[in-house]
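In: Quick one: sequence and predicted model below, then my questions.
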2 protein chains.
Amino acid sequence: MSVTAARGFVASGVACGIKPSGDLDLALVAVDPPRPVSAAATFTTNGAAAAPVRVSESHLRATKGRAAAVVLNSGCANAATGAPGLAIAETMCALTASALGVEPRDVLVCSTGLIGIPLPQAPVAAGIPLLVGQRSPAAESAALAALAIMTTDRRPKTTVVEGDGFTVGAMAKGAAMLAPNMATMLAVLTTDATIIPTHLRSCLRSAVSASFNELTIDGCTSTNDTVIVLSSGLGREVAPEELTVLLTAACQDLAQQMALDAEGATKVVRIEVLGARTGGEARRAASKVAQSQLVQCSLHGGDPYWGRVVSELGSAGIGFESDLVEVAYGSHIVCRGGVAAEHDALALALYMGSPEIDIRCELGLGDGAAVVVTTDLSAAYIDENMRTS
Amino acid sequence: MSVTAARGFVASGVACGIKPSGDLDLALVAVDPPRPVSAAATFTTNGAAAAPVRVSESHLRATKGRAAAVVLNSGCANAATGAPGLAIAETMCALTASALGVEPRDVLVCSTGLIGIPLPQAPVAAGIPLLVGQRSPAAESAALAALAIMTTDRRPKTTVVEGDGFTVGAMAKGAAMLAPNMATMLAVLTTDATIIPTHLRSCLRSAVSASFNELTIDGCTSTNDTVIVLSSGLGREVAPEELTVLLTAACQDLAQQMALDAEGATKVVRIEVLGARTGGEARRAASKVAQSQLVQCSLHGGDPYWGRVVSELGSAGIGFESDLVEVAYGSHIVCRGGVAAEHDALALALYMGSPEIDIRCELGLGDGAAVVVTTDLSAAYIDENMRTS
C-alpha cells in the first residue's frame, strides 16, 4: 500500500520516455479528492540545489505549508540546468495541477537521475495527463509509483506504520550518495492524521534527523534530496509527539532499506560513539569513522582492524585522549585504554562475517553520544559508479 | 643519492626482523660526524598520534630544534600501544644515540605500518647497532634506507634538488591514507645549507603546506605522519626564502611520486578551484571534490561527469552560486554558467584517458584559489585495503 495506505491518497506510475530503457520514470502522489492539505518538506543543503528543489521550496513558501500533490521523475535530476530547468520544473507542476484541478503552487516536484542533462519536456508533458488519469488508491498504483522513482536502486522502498487511529505510509529511493544532510534520495510520506502545517514541519524535521541524517555511505550530499510529507486530515487530530514517533519509524525503516540496497554494499554497519564531550562531537566522530574509505574496506574484508577506527576518531577534530579509548565490534572489545585488548579472535572473525556489524567507540570524556549507519565499500561500488553511460 | 646527496650525511638500511617477510625494515639518516645540527619537523595532527611522533616532538622541544640522526622502522606503526610503545620509541633513540655517541634526545624516531600492534623490542635492539655500523654516504646506503621505510609502496621515493651552492636530498614513503595535514607518510629531508633552527622550521612549514598538504587520496589522516629536515651546516649560509624554494621543490616531487604510487591509482588528478571568496574556501572546495568517492570513481572510468564535481562544490559549505560556475577538464570547458557547455566530446574522451588529469573549477565570486592533488579510486584500492593480514 505504501503511500496510499493512509486514507485520502492516490498514486500512479508510468513510463513517459525519459529513461531510454522504457522503464517507469514518472510518479504521482496526490490527495483525493484533490485539494491542498498540510504539507512539509526537508531539502538538500547543497548550494547547487536542483531546479525541482527550488521550485518545491518556493511553492511551499507561497502556500505556507500546503500541497495537493507531488509529481516525481527519475532518469534525469534536472540539476545544473539553469533557467530552462526551472521552467520545466514549473511546467511539471502546472500540468499536474491543471489535470487535478488545483493551483500550480499546490504541486511539489522531485527529480532524480544524472546531473547536468536537460530534462526533455515532450515526454513529461505527454506523460503527466496519463499519470494523473491513472491515479488510484490501489496497492498496485502505489507500487508503480515506488518503482517509477528508482534509479540505481535494486529494490523499491516502501513502508507503512500504523498508529492509534491514524496511519503513515511512505515510499523512497536512494542507493548511493547517502550522506548526512541526506543524499540522492527522495521520500514521500503520507498520513491521514489531522495536524497543522507548522506542527507537521517540526515532526518531519525530528524524523529526518533521527533517520536519513544518521545514514552515511560515501559522504556525498546530492543536489536533489527531498523528503515530503502530506497529511490528508481524514483521520483524527494528533499531537505532534504522536506523529513524530510514527514518521520517525517510517523514515528509519526506509533508511535501513537504503543502506541494505547501497551500491555494492554487503554489510550494514552501525557506528556508535559514546563518551564524547558533546553530542555534536560524538556525531562528528561517528561520521568520520563511517565515511572512512579505509574502515569501509576493512569491513568489506571482514577485518576487525580497529587501528583505523582509532585513527579516524583521533583525526575527527574533537576532544580525544587516546589512553581512554575503547573500541568493540559487537560484544568483542578489541581496544581498551587505547591499546589492544585480549579477545576471542575466532568468535570475532565469525562476527565480522555477519551482514550487520555494530562498532562501539567509547571516548571516556563526557556524555555525548551519536549513532551513524554506513556500509562497507566494495569493488561493485566502483563498477557501478565509474561510468554513467 | 637522496638523503646523502647533501654534504655531511650518512644513511643505512637493514632487515632486523620486524617484517615477517624478511624485507628491509630499519633505516637511519645521520649527520656525519655525529653531532646535533639544526632540525625541524611537522607531525600529524591526529589526536591518536603514535608513540614515535610524541617522542620526536618532545626531543625537538628539549633540544630547541636540533638533532643528530633519525631512526625509522617499517612493519609496525607503534601506534595505539600505550606506555610500552612510548618506552620502545625512547629505547630506539637511546640505542641509536649510544651507537653514534650523542644524547638520546638528539635522535628522532619514525615508525610506519599497522596500528595497534606492539613493536617487538628484540629485533629492534639487535638491529640498531648493525644499522649504525653500516652507515655511509654511499648512494647504495641511501637507497637501502629508502627501501627500508616502505610499506605498501610499490617504489621507493627519493629526490635531490640542487641550489646555488647547497643541496637538498630526501626520501619518503606513503601510498595511501594521504590526506591534507599529511598521511601515512614519512619523509626525511637533508641539506648542507647553514640556517638557524627557527628559520629552518618556517622553511619546512611552507614547503609542506605547498606539497604534502595539497595531496589527498582518501581523506584519512594517519597516526604517524612525520616530515623531518636536518641541515648539516657544511654549506654556505642561506636565506630562508632560498631554502624554502628548494625544500618545496623536493616535497612536491615526493608528493607527486606518492600520488603516482597511490594504492590502486591509475591517474593523478589536479583539482584547481579559482574565484572562491577566500583562499580557505577554495581549499575546502578543492578538497571536497578531491575526496569524493563518486568523483574518484568517474575519474577511474574516464567519465567526464562534471555534475558530480558541481554537486561537491555545492556541498562544500562555502560561498557558492551555481549560475556562476565553470568546470573544465584540461582545456575542455564542460560547464559554463552552471549548465552544460558544448564541447568536443571525442577530444574530451581522449583527454580523460590520459594518466594526468586537470580539473579546473571557477566559482566567479572572488580571488580565492587553491590546488589539491588526488587520484582515481579503483577496485585495486579496495583489494589492497580489505585485509591487513
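Out: Sure thing, it's come through.
In: give me the number of residues near the residue in the stretch 101-250 of chain A positioned nearest to chain B?
Out: In the stretch 101-250 of chain A, the residue found nearest to chain B is residue A:115; the distance is 2.6 Å by Cβ to the nearest Cβ. Placement of C-beta: from N, CA and C, glycine included. Applying other Cβ atoms under 10 Å in any protein chain shown, we find 26 residues neighbouring residue A:115.
In: gap between it and residue A:23?
Out: Residue A:115 is 19 Å from residue A:23, where distance means Cβ to Cβ, to the nearest Å.
In: ok so, going back, my read: the residue of the stretch 101-250 of chain A closest to chain B touches residue B:311, true?
Out: Yes: between residue A:115 and residue B:311 a contact is recorded at 6.0 Å, counting by Cβ atoms under 8 Å.
In: who touches both of those two?
Out: A:79, A:223 (Cβ atoms under 8 Å, 6 or more residues apart in numbering or on different chains).
In: show me the contacts for residue A:339.
Out: By Cβ under 8 Å, 6+ apart, the contact set of residue A:339 is B:80-82, B:84-85, B:116.
In: filter these to the buried ones?
Out: Those of these that meet the buried threshold are B:80-81, B:85, B:116, by 16 or more other Cβ atoms under 10 Å in any protein chain shown.
In: List the buried residues for stretch A:348-362?
Out: In stretch A:348-362, residues buried by neighbour count (16+ other Cβ under 10 Å) are A:348, A:351-352, A:357-362.
In: same check, this time on stretch A:306-321
Out: By neighbour count on 16+ other Cβ under 10 Å, the buried set for stretch A:306-321 is A:306-316, A:318-320.
In: Could you do stretch A:322-340 as well?
Out: For stretch A:322-340, burial by neighbour count (16+ other Cβ under 10 Å) applies to A:322, A:325-330, A:332-336, A:338-340.
In: Using CSV, list the CA coordinates for that stretch.
Out: Extracted C-alpha coordinates of stretch A:322-340, given in CSV (Å, rounded to 0.1, in the frame of the first residue of the first chain):
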residue,chain,number,x,y,z
SER,A,322,43.9,8.1,23.2
ASP,A,323,44.6,6.4,26.6
LEU,A,324,40.8,6.5,27.3
VAL,A,325,39.5,4.9,24.1
GLU,A,326,37.7,1.6,24.0
VAL,A,327,36.5,0.0,20.8
ALA,A,328,34.2,-3.0,20.4
TYR,A,329,32.9,-5.0,17.4
GLY,A,330,29.6,-6.3,18.7
SER,A,331,30.4,-7.7,22.1
HIS,A,332,34.1,-8.1,21.4
ILE,A,333,36.2,-5.4,23.0
VAL,A,334,39.3,-5.2,20.9
CYS,A,335,40.9,-2.0,22.2
ARG,A,336,40.8,-0.8,25.9
GLY,A,337,42.8,2.1,27.3
GLY,A,338,43.9,2.9,23.8
VAL,A,339,45.8,-0.4,23.3
ALA,A,340,45.0,-3.9,22.0
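In: Please state the mean pLDDT value computed over it.
Out: With pLDDT averaged residue by residue, stretch A:322-340 scores 95.
In: Just list the residues touching residue A:10, thanks.
Out: Residue A:10 touches A:4, A:28-30, A:32, A:135-137, A:141, counting by Cβ under 8 Å, 6+ apart.
In: Now pLDDT, distance to residue A:91 and secondary structure too, for the residues you listed, in TSV please.
Out: Output for these, formatted as TSV (pLDDT from 0 to 100; distance: Cβ to Cβ, whole Å; DSSP: H, G, I helix; E, B strand; the rest coil):
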residue	pLDDT	distance to residue A:91	secondary structure
A:4	98	26	helix
A:28	98	15	strand
A:29	98	19	strand
A:30	98	17	strand
A:32	97	23	coil
A:135	98	19	coil
A:136	98	25	strand
A:137	98	27	coil
A:141	97	24	helix
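In: could those be laid out in JSON lines, adding distance to residue A:257?
Out: Converted to JSON lines, those look like this (distance: Cβ to Cβ, whole Å):
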{"residue": "A:4", "distance to residue A:257": "18"}
{"residue": "A:28", "distance to residue A:257": "22"}
{"residue": "A:29", "distance to residue A:257": "18"}
{"residue": "A:30", "distance to residue A:257": "24"}
{"residue": "A:32", "distance to residue A:257": "26"}
{"residue": "A:135", "distance to residue A:257": "25"}
{"residue": "A:136", "distance to residue A:257": "24"}
{"residue": "A:137", "distance to residue A:257": "23"}
{"residue": "A:141", "distance to residue A:257": "20"}
